[in-house]
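[1] Just the structure for this:
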Amino acid sequence: MGTGLDLKARPGPDPNKSFWPGPQRQCKFIVRALNLLGTASKRTLSINTGMAQQTANVKSIKEKFVYPVARKDTTIEDDFHGVKVQDVYRWLEDPDSAETQKYVDGQNNISQPFLENCEQWKKVNNKLTKLWNYPKYGCPMQYGKYYYFFMNTGLQNQSVMYQQDSLDGESKVFLDPNSLSEDGTIALSQKSFSDDGNYMAYGLSESGSDWIKIRIRNTDTGKDFDEILEKVKFSDISWTKDNRGFFYGRYPDQGGKTDGSETQQNQNQKLYYHLIGESQDKDVLVVQIPKEPSWRFQTVVSDCGKYLILAIVKDCRDNIIYYADLVPGEDIKSELNVKVIVDKFESDYDYVTNEGSKVYFRTNKNAPNYRIICIDFENPAEENWETLIPEHEKDVLDWAKCVNEDKILLCYIRDVKTILQANSLQTGKLIREFDLDIGTIVGTSGKKKYSEIFYNFSSFLNPGTIYHYDFKTPDEPPKVFREIELNLEGFKRDDYTVEQIFYSSKDGTKVPMFIIRKKRDTIKPRPCLLYGYGGFNISMLPSFGLTGLMFVDTFDGVLAYPNIRGGGEYGEKWHNGGRLLNKQNVFDDFQCAAEYLIKSNYTSKDRLAIQGGSNGGLLVGACINQRPDLFGAAVAQVGVMDMLRFHKFTIGHAWCSDYGNPSEKEHFENLYKFSPLHNVHTPKNESKEYPSTLILTADHDDRVSPLHSLKFAAALQDAVRESEVQKNPVLLRVYKKAGHGAGKPTSKRIEEATDIVTFMIKSLNVDVINL
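    Numbers count the residues shown, from 1 in each chain. As a prediction, this is how the structure comes out:
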């Protein structure tokens, strides 16, 4: 979701990248609020009079709001463990019905004019477009005899993949997704090179859907093979070392559509082997587990090529480990003989590398902050496991990668900041540390066969610095390979301050929060954007985005990022503190962050906006129900709003590991207490008035189906329709040909960011607007 539930291999609502309402192990992504950027040359409008006029206009618009009346079907009632629960908007779960389409059109006919038919929208859009227009680069990657990198000139809908013979050689376009569709809605969602680098298998998604189609490209000619592999979702692409083919997961044919607008559950994934040059119908079924329809395969062929390692998941945490022997060069013609290494879903295991039968994993088994262990596949009993790198007492081992034959690159999280170091694969001892400022490594490249590594460092005020280091010359420090620079006049990092504070939550737990603002001699209430996620073991680390700094610059505002429980900032204990029966802690942490900001004079209720996406959309929905008195505006993006039926659609069943299963009485009772759909209220006094609320979703979101936002908006608008105290608008905006967030073209990202900033101008008490 990631914007919560992200799922490449692990589906969850994603914050940024995978398939869930949350992050995934692939459910892991760096969550970022909006997309922050910096400041440009500007003119300051002192608008005491102008703002008063603007406020008057907004009020007059509010008074004229007539929300579409959503039909209530009172015959739909579910029995949850003896509790009768009506679901009067069940009909909105059908995305293809004429009635649902009419409802969506009716909502857009209100929200779009409110947002777009004003001078502010045009000015915000112009400024955002200018801010977005700077070159963006990814880390160089070596595969075979070529280097590759991604680059976006600024406003291209999709980043372009370039190929070059050497790091300083001339680059040429290798794959340009922008050529595949006029509107930029076909995106490159994943790629995987053969071991010799001669072929690249890559997955394309359309309109933001999680479904992909795999094609194969010859890296010398740039030409694709004829075959196209379909019905693929939540799959790795794992090449055998003979470079003849790869393993991938696909789902069986299902009735109806598979374009991302459907709501059918994703079940019965099977693992196939594809031989390049052959049609998909000739692919060999190699692993299936029909008794476990919810299981999904995360696969990797070991560095030696002798093992196919299967990390099998059923939700968004914990996996088991199976493996099959491979004989390099031998044809794969039938199902593989699979052997079990770990058979209990109780911990995470991520393959790092292997030396012969000794296989190294990053795991939180008996180590909430993670450690590196070695399992000998010839003697795999748990009592024989060895620890190579012990768990750190405080720092969380976020990821590990084997490079330069016998080095392990380790990335730790220390008080929500990235630490990078290299340790010995033989002894586990520290070899070197890499100096980093306060921020996050947002990209890395490096392989066991190569001595070079690249890493991209970002922070709230730095869009990216790419470093190059070669273990062949260990005494040479990492060199800056490329600085990513904003195309903004007058932007100076020294004009801003970034502070990390720790505030007390409701139960006394100390929660960290980053606060970003312009330097001032005194602190006085300013417009503030509070962004949160809080789930699926996803860490919200300091990274750069455009819209957030746009908020600071436009309103002389404040950004606040609390690292609330449910995330992974402090390991599994922090995650567990905000999941299942502890989920209310997430909402309490967020609400206490708002109280801290108001009490400390950073902002005030009428200046405070909250935002979250996916699992963070659930956060926003729950908080405006529980504490509407705290917030001036709320933006809920692609949120999980129906906590009694989330598990019935697409990959929603995988989220039970964070939310609990409503089919179980204990979890139903917990979910029912905070489910946004089931806890709306009619405001009886001003303290219960909902803040100005913007609910955003998209018609091809098959991570968190738009039905969640549709039903929540219907219930919320019905609750406030006759309220005499509810003056703030409650709006639903449904985007077309868009999904959960991954692969969204630049044009649509700018459009959505413009809607959000314009909404805040119209909703918050702002006394400065720089446009």
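[2] quick one: buried residues of the helix or strand where Arg215 lies?
    Arg215 belongs to strand 212-218 when elements are defined using DSSP states H and E. If you call a residue buried by 16 or more other Cβ atoms under 10 Å, then strand 212-218 has these buried ones: Ile212, Lys213, Ile214, Arg215, Ile216, Arg217. The way it works is simple: take the backbone N, C-alpha and C, and place the C-beta from them, glycine included.
[3] Tabulate the residues you listed (JSON lines), appending distance to Ser458 and pLDDT.
    What follows is these, written out as JSON lines (distance: Cβ to Cβ, whole Å; pLDDT from 0 to 100):
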{"residue": "Ile212", "distance to Ser458": "27", "pLDDT": "93"}
{"residue": "Lys213", "distance to Ser458": "31", "pLDDT": "96"}
{"residue": "Ile214", "distance to Ser458": "30", "pLDDT": "97"}
{"residue": "Arg215", "distance to Ser458": "31", "pLDDT": "98"}
{"residue": "Ile216", "distance to Ser458": "32", "pLDDT": "98"}
{"residue": "Arg217", "distance to Ser458": "29", "pLDDT": "98"}
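[4] which among these gets closest to Gly617?
    When these are compared for distance to Gly617 (Cβ to Cβ), Ile212 comes out closest, at 23.9 Å.
[5] Pretty sure that closest one sits against Leu188.
    No - between Ile212 and Leu188 there is no contact under Cβ atoms under 8 Å: 9.5 Å.
[6] so what's in contact with the two at the same time?
    Gly203, Leu204 (Cβ atoms under 8 Å, 6 or more residues apart in numbering).
[7] just to revisit the earlier point, mind checking how far the very next helix or strand once past the strand holding Arg215 is from the chain centre?
    Counting by DSSP H and E, the next helix or strand C-terminal to strand 212-218 is strand 229-232. Counting by Cα atoms, centre = their mean, to the nearest Å, strand 229-232 is centred 23 Å from the centre of its parent chain.
[8] strands paired with the following helix or strand past strand 229-232, and their directions?
    Toward the C-terminus, strand 229-232 is succeeded by strand 238-239 as the next helix or strand (DSSP H and E). Strand 238-239 sits in its sheet next to strand 245-250 (antiparallel), going by DSSP bridges.
[9] the inter-axis angle of the partner strand versus strand 212-218?
    Angle of strand 245-250 versus strand 212-218, following axes from the mean of the first three to the mean of the last three Cα atoms, to 10 degrees, is 170 degrees.
[10] residue boundaries of the helices in the chain?
    With helices called from DSSP state H, the chain shows them at 48-63, 98-116, 119-132, 546-555, 571-576, 584-599, 615-626, 656-659, 665-674, 707-720, 746-763.
[11] wait, which of these is closest to Ile695?
    Among those, helix 707-720 sits nearest to Ile695 (Cβ to Cβ), with 5.0 Å.
[12] Counting by contacts, list what the closest one packs against.
    helix 98-116, helix 615-626, strand 692-698, strand 730-735 (3 or more Cβ pairs under 8 Å, 6 or more residues apart in numbering; DSSP states H and E).
[13] Pick the most deeply packed of those.
    Mean neighbours per residue, mean count of other Cβ atoms under 10 Å, is largest over the helices and strands packed on helix 707-720 for helix 615-626, with a mean of 30.
[14] who's in contact with Met760?
    Pro527, Leu529, Phe551, Phe555, Ala609, Ala633, Val635, Val766.
[15] Excluding sequence neighbours, find me the nearest residue to the fourth one.
    The shortest distance from Phe555 to any residue other than its chain neighbours is 4.1 Å, reached at Pro527 (Cβ to Cβ, 6 or more residues apart in numbering).
[16] wait, doesn't that neighbour sit right on Ile761?
    No - Pro527 lies out of contact with Ile761 (Cβ under 8 Å); the separation is 9.3 Å.
[17] Among those two, which residue is more densely surrounded?
    Taking neighbours as other Cβ atoms under 10 Å, Pro527 and Ile761 compare with Pro527 leading, 27 against 23.
[18] Would you map the strands across the stretch 251-400 of the chain?
    For the stretch 251-400 of the chain, strands defined by DSSP state E, counting those that start in this stretch occupy the ranges 270-275, 284-287, 296-301, 307-313, 320-325, 338-342, 349-355, 358-363, 371-376, 386-389, 396-403.
[19] Would you reformat those strands as TSV and include distance to Ser458, mean pLDDT and mean neighbour count?
    TSV is the format used below for the strands of the stretch 251-400 of the chain (distance: least, Cβ to Cβ, whole Å; pLDDT from 0 to 100; neighbours: other Cβ atoms under 10 Å):
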stretch	distance to Ser458	mean pLDDT	mean neighbour count
strand 270-275	35	98	22
strand 284-287	38	98	18
strand 296-301	26	97	23
strand 307-313	28	97	24
strand 320-325	33	98	19
strand 338-342	35	97	16
strand 349-355	23	98	21
strand 358-363	23	98	23
strand 371-376	26	98	21
strand 386-389	26	98	18
strand 396-403	15	98	22
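[20] returning to what we had before: out of the helices and strands packed on helix 707-720, flag the one nearest Asp224.
    Here strand 692-698 is closest among those (Cβ to Cβ), at 28.8 Å.
[21] I'd like to know how far Phe345 sits from Ala201.
    From Phe345 across to Ala201, the span is 29 Å (Cβ to Cβ, to the nearest Å).
[22] Which one's more surrounded, these two?
    Higher neighbour count among Phe345 and Ala201: Ala201, with 23 against 16, using other Cβ under 10 Å.
[23] and the more buried one, what are its bridge partners?
    Note on Ala201: beta-bridge partners by DSSP bridges are Ser192, Ile216.
[24] Make 39 the starting number, not 1.
    Renumbered: residue one is now 39, and that last one reads Ala239.
[25] residue contacts, it?
    So Ala239 contacts Lys229, Ser230, Phe231, Ser232, Ile252, Arg253, Ile254, Arg255, Ile275, Trp277, Phe284 (Cβ under 8 Å, 6+ apart).
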